[in-house]
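Participant: quick one: sequence plus predicted model below, questions after.
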Amino acid sequence: MSKMFFKGRIETRQNHVKSGFNTKRDVKLGTEEAPLTLVVQTEERKVEVAAQVTEHDLFANIEVNAEKEENILELEGVLNKPKTTRFEKTPNRNDVCSCGSGKKYKKCCA
């Protein structure tokens with residue numbers, strides 16, 4: 001049978017693109033397209049937060065509202081990104097044990 005008589009769905013790729021995947025991965029929080037939304041209670045605090053925002057070349061909409069609770073979680077999340085934790089590789093079974101006994105790892109600490 002030739003390739004001209006394909007009986008599957010023709011619009012497979014278009015349906016995949018329309019589904020709920022994040023298609024705008026390039027837009028990061030704190031840019032002009034997606035500015036941070038921050039709420040502070042006083043003008044003095046607004047000046048402090050604005051200084052932090054400009055220091056790190058971010059964009060933010062800062063609202064001063066004494067009735068609402070201060071919310072700068074988005075700024076803290078952008079500034080304090082979690083670091084990747086790396087662990088030491090465990091030795092292979094026939095390597096010398098890392099505890100210093102001189103035995104093979106499989107006979108000592110495995």
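Facilitator: Here it is on my side, so go on. Residues are numbered from 1 along each chain as shown.
Participant: use CA for all of it now, contacts and neighbours both
Facilitator: OK.
Participant: any chance you could list what contacts the longest helix along the chain?
Facilitator: Ranked by residue count and defined by DSSP state H, the top helix of the chain is helix 43-55. With Cα atoms under 8 Å, 6 or more residues apart in numbering as the test, helix 43-55 has contacts from Val40, Phe59, Ala60, Ile62, Glu63, Val64, Leu75.
Participant: where does this protein dip in pLDDT?
Facilitator: Applying pLDDT under 70 to the predicted model, the residue ranges of the chain that meet it are 1-25.
Participant: before we move on, back to that, what is the nearest of the contacts of helix 43-55 to Thr90?
Facilitator: Taking Cα to Cα as the measure, Leu75 is the one of the contacts of helix 43-55 closest to Thr90, at 37.8 Å.
Participant: excluding its backbone neighbours, what's nearest the closest one?
Facilitator: Spatial nearest neighbour of Leu75, chain neighbours left out: Leu36 (6.9 Å); criterion: Cα to Cα, 6 or more residues apart in numbering.
Participant: can you show me the helices along this structure?
Facilitator: Ranges of helices in the chain, per DSSP H, are 12-18, 43-55, 73-79, 105-108.
Participant: among those, which comes closest to Asp26?
Facilitator: helix 73-79 (15.2 Å).
Participant: off-centre distance for the closest one?
Facilitator: For helix 73-79, the gap between its own C-alpha mean and the chain's C-alpha mean amounts to 11 Å (Cα atoms, centre = their mean, to the nearest Å).
Participant: how about stretch 58-76?
Facilitator: Averaged C-alpha coordinates place stretch 58-76 at 20 Å from its chain's average position (Cα atoms, centre = their mean).
Participant: list the buried residues of it.
Facilitator: For stretch 58-76, the neighbour count (16 or more other Cα atoms under 10 Å) marks Leu58, Phe59, Ala60, Ile62, Glu63, Val64, Glu70, Glu74, Leu75 as buried.
Participant: buried residues in stretch 100-110, which are they?
Facilitator: Within stretch 100-110, judged by 16+ other Cα under 10 Å, the buried ones are Lys104, Tyr105.
Participant: give me the most central residue, this structure.
Facilitator: With distances taken as Cα atoms, centre = their mean, the chain has Lys81 as the residue nearest its mean C-alpha position (7.3 Å).
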